[in-house]
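Enquirer: everything below, folded, please.
(one chain, ligands or ions: 1)
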Amino acid sequence: MIDTHTHIYLPEFDGDRDEVMARALSAGVRHMVLPNVDCSTVEPMYRLHGSYKDCTSMAMGLHPTEVGADYGNALDEIASRLDDCRFVGIGEIGIDMYWDKTYRTEQMDAFAEQIRWALERDLPIIIHCRDGLNEVLEVFDRFDRLPCGVFHSFGGSVDDVKRIRRYGDFYFGINGVVTFKKSQVPAVLPEIGLGRILLETDSPYLSPAPFRGRRNESSRIPLIAECVARILDVPAEQVSETTDASAQDLFKLNIKQQI
Ligand SMILES: [Zn+2]
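Expert: Down below sits the predicted model:
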């Protein structure tokens, strides 16, 4: 299994990062994609990847909640890192109107600029979209062609899936939210289809049941895979095989070790 979205480099894991990585690997999570958040997270992300080169990959980008009035400086700094090494995607980028609508225009411009980076480099995008689908699609409208990518932590409706698909054959990142009691996510899984689902934890956030509210970690991917298997009524192995193949396809992962 592959955790396509995990932030194990964040301070929440400073006390036991190596144990967390060991637990993920022994739970069968053989690869983890680390998306960047802002300028302050670049170095910790590089350090984690440096210690776990074979089982982690990195994506570079500026998270929409970190886009403020002076986002130009942050974006320049992130752009200057794009040639540091091989990134498997641009992310996480997108629109978040849930926490704060003040910088709506700035978020849209920053998102567009980072989509340009992805197109120039032929990289997929990792999209964070919270209460922002209209804005995301408005930004998409500015482009003649789009990179491929994933709507990470997807929590939208069947109609949202259909709207997104008018723009491209995107993947949808499914995490612990699918296990929550009143979650809308199970109802959209058949529309998305197993072939377009990517598994993710979004650690340290969004722990699946029965760990809801606690710090999340990548070792909980099997709980999400089992839940997806139950909802789609397919064997758990089929979920891990199909989603692994999709993750490798999208991010062109270089997975050396097969566990
Ligand atoms: Zn994230």
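Enquirer: that's a strand at Phe172, yeah?
Expert: Yes. Read with DSSP: H, G, I helix; E, B strand; the rest coil, Phe172 is one of the residues of a strand.
Enquirer: what is the neighbour count of the closest residue to it other than its chain neighbours?
Expert: Spatial nearest neighbour of Phe172, excluding adjacent residues (CB to CB, 6 or more residues apart in numbering): Phe154 at 4.1 Å. Backbone N, C-alpha and C define where each C-beta goes, glycine included. Residues within reach of Phe154, counting by other CB atoms under 10 Å, total 26.
Enquirer: residues contacting Phe154?
Expert: 172-174, 185, 188, 192 (CB atoms under 8 Å, 6 or more residues apart in numbering).
Enquirer: tabulate the residues you listed (JSON lines), appending neighbour count.
Expert: Output for the contacts of Phe154, formatted as JSON lines (neighbours: other CB atoms under 10 Å):
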{"residue": "Phe172", "neighbour count": "25"}
{"residue": "Gly173", "neighbour count": "24"}
{"residue": "Ile174", "neighbour count": "29"}
{"residue": "Val185", "neighbour count": "22"}
{"residue": "Val188", "neighbour count": "21"}
{"residue": "Ile192", "neighbour count": "23"}
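Enquirer: could you pull out the helices for the stretch 51-200 of the chain?
Expert: With DSSP state H, counting those that start in this stretch, the ranges of helices along the stretch 51-200 of the chain come out as 71-80, 104-121, 133-140, 158-165, 185-192.
Enquirer: what pLDDT does Asp100 get?
Expert: Asp100 carries a pLDDT value of 89.
Enquirer: which residue is the nearest non-sequential neighbour of it?
Expert: Nearest to Asp100 is Thr65, by CB to CB, 6+ apart, at 7.2 Å.
Enquirer: so the one you found touches Trp99, yeah?
Expert: Yes. Contact criterion CB atoms under 8 Å: Thr65 and Trp99 qualify, at 5.6 Å.
Enquirer: more crowded one of the two?
Expert: Taking other CB under 10 Å, Thr65 and Trp99 do not tie; Thr65 has more neighbours (19 against 10).
Enquirer: point out where this protein drops to low pLDDT.
Expert: Within the chain, the stretches with pLDDT under 70 are 256-259.
Enquirer: could you redo the last one with a cut-off of 80?
Expert: 254-259 (pLDDT under 80).
Enquirer: for it, which strand extends over the most residues?
Expert: As assigned by DSSP state E, the longest strand anywhere in the chain is strand 89-96.
Enquirer: residues contacting the closest residue to Tyr52 other than its chain neighbours?
Expert: Distances taken as CB to CB, 6+ apart place Met21 nearest to Tyr52, at 6.0 Å, with adjacent residues excluded. Residues in contact with Met21 (CB under 8 Å, 6+ apart) are 8, 52, 55, 218.
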